[in-house]
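Colleague: The amino acid sequence is not available; the structure is as follows:
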């Protein structure tokens, strides 16, 4: 007996959600279809009823995850101020925290999927790039409210967004890469960059 269109879409989303969790935990290449479908609650044979290839699934996972990451960022930055901190500073403190580092399946999709995207083809890269640009623009808009640095080196809002966001993502990726072999270095990366970035913002009059 066939399933309804609504149920088919629900099953497809279950596969996307399971893949997003596993891909962000261990990377696309490390996850097989049998494991993936088991995580979604289905048998492996049903995969091709929904996707023509693992590549097609990866593209949808990246697009879906990056879109959700953008929505989460917007939501986080729109929350009321807490303890006198600006939304941006609160977001930075969370982003460069051990909790965020240790839970890639629930954290930033940009950092979790970045190392896979370059191998997944131009269409996947295009979805990923669009998500990055949105995040750069969001951060840049917040940073544009800070006092300018002396000319002629004042960056545009987008340039600021790219610089700060790339530092956040890069630090998170590096801290995850060494956390099992050298926990002290992993902690030092998070704490040091977090302290340095907050100090830079404070020096510009943002706190």
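Modeller: Received it, and whenever you're ready, just let me know what you need. Owing to the predicted nature of the structure, the values given are computational and were not obtained by experimental measurement.

Colleague: what about the residue nearest to residue 41 when sequence neighbours are not counted, neighbour count?
Modeller: Excluding the flanking residues, the one nearest residue 41 by CB to CB, 6 or more residues apart in numbering is residue 14, at 6.4 Å. In short, each C-beta sits where N, CA and C put it, glycine included. A count of nearby residues for residue 14, using other CB atoms under 10 Å, gives 16.

Colleague: isn't residue 14 right next to residue 40, touching?
Modeller: Yes - the criterion here is CB atoms under 8 Å, and residue 14 meets it with residue 40 at 4.7 Å.

Colleague: Just the element for the residue nearest to residue 41, please.
Modeller: Assigned by DSSP states H and E, residue 14 belongs to helix 5-26.

Colleague: all helices for the chain, in order.
Modeller: 5-26, 33-40, 54-78, 87-95, 98-101, 109-117, 122-143, 157-178, 183-203 (DSSP state H).

Colleague: Any buried residues in the shortest one, and which?
Modeller: This points to helix 98-101. 100, 101 (16 or more other CB atoms under 10 Å).

Colleague: before we move on, what about the second one?
Modeller: Judged by neighbour count (16+ other CB under 10 Å), helix 33-40 contains these buried residues: 33, 36, 37, 39, 40.

Colleague: Which pLDDT value does the model give the second one?
Modeller: According to the prediction, residue 36 has pLDDT 93.

Colleague: Would you enumerate the residues in contact with it?
Modeller: 15, 18, 19, 22, 47 (CB atoms under 8 Å, 6 or more residues apart in numbering).

Colleague: May I see those residues organised as JSON lines, with distance to residue 73 and pLDDT added?
Modeller: Converted to JSON lines, those look like this (distance: CB to CB, whole Å; pLDDT from 0 to 100):
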{"residue": "15", "distance to residue 73": "25", "pLDDT": "94"}
{"residue": "18", "distance to residue 73": "23", "pLDDT": "93"}
{"residue": "19", "distance to residue 73": "22", "pLDDT": "93"}
{"residue": "22", "distance to residue 73": "23", "pLDDT": "92"}
{"residue": "47", "distance to residue 73": "31", "pLDDT": "92"}
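
Colleague: Most neighbours out of the residues you listed, which is it?
Modeller: Busiest of the contacts of residue 36 [other CB under 10 Å] is residue 19, holding 26 neighbours.

Colleague: For the closest residue to that residue other than its chain neighbours, grab the count of nearby residues.
Modeller: Nearest-residue entry for residue 19: residue 61, 4.9 Å, with adjacent residues in sequence omitted and distances by CB to CB, 6+ apart. A total of 28 residues lie near residue 61 under the criterion other CB under 10 Å.

Colleague: Repeat that for residue 202.
Modeller: 11.

Colleague: ok, now which ones touch it?
Modeller: Per CB under 8 Å, 6+ apart, neighbours of residue 202: none.

Colleague: for residue 174, same thing?
Modeller: Contacts of residue 174 (CB under 8 Å, 6+ apart): residue 189.
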